[in-house]
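S.K.: Structure, please.
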Amino acid sequence: MPKMKTKASAKKRFTVTGTGKIRRKHAYKSHILTKKSKKRKRNLGYYAIVDPADLKNVKSMLQK
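M.R.: Numbers count the residues shown, from 1 in each chain. The predicted model follows:
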């Protein structure tokens, strides 16, 4: 049986931290930035941890 392939879209969007958590970027930071406050844009720039409800799906997409 052939090896499982990693989903290319997931490979581009998620990274695994040293402790094994999966990191993601926030949405809504790409355009129409003039109406968003500085605080909101700043907080969208930071990374977030994937929610436990989505973890199983993301891990299955990232398995090699």
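
S.K.: where's the residue most central in space within the chain relative to Ser37, distance?
M.R.: Computing the C-alpha centroid of the chain and ranking residues by Cα atoms, centre = their mean puts Arg24 first, at 2.2 Å. Separation of Arg24 from Ser37 (Cβ to Cβ, to the nearest Å): 22 Å. In this view, the C-beta of every residue, glycine as well, is placed from N, C-alpha and C.

S.K.: Please apply the same query to Lys7.
M.R.: Distance from Lys7 to Ser37, by Cβ to Cβ: 34 Å.

S.K.: Those two: which has the busier surroundings?
M.R.: Taking other Cβ atoms under 10 Å, Lys7 and Ser37 do not tie; Lys7 has more neighbours (15 against 8).

S.K.: Can you tell me, leaving aside adjacent residues, what's nearest to that one?
M.R.: Met61 (4.2 Å; Cβ to Cβ, 6 or more residues apart in numbering).

S.K.: now do Ala27
M.R.: Leu44 (7.9 Å).

S.K.: Could I get the contacting residues of that neighbour?
M.R.: Residues near Leu44 by Cβ atoms under 8 Å, 6 or more residues apart in numbering: His26, Ala27, Tyr28, Lys29, Lys36.

S.K.: Would you list the buried entries among these?
M.R.: Among the contacts of Leu44, none is classed as buried by neighbour count (16 or more other Cβ atoms under 10 Å).

S.K.: returning to that earlier point: any idea which helix or strand comes after the helix or strand where the residue nearest to Ala27 lies?
M.R.: Per DSSP states H and E, Leu44 falls inside helix 38-45. The helix or strand immediately downstream of helix 38-45 is strand 48-49, counting by DSSP H and E.
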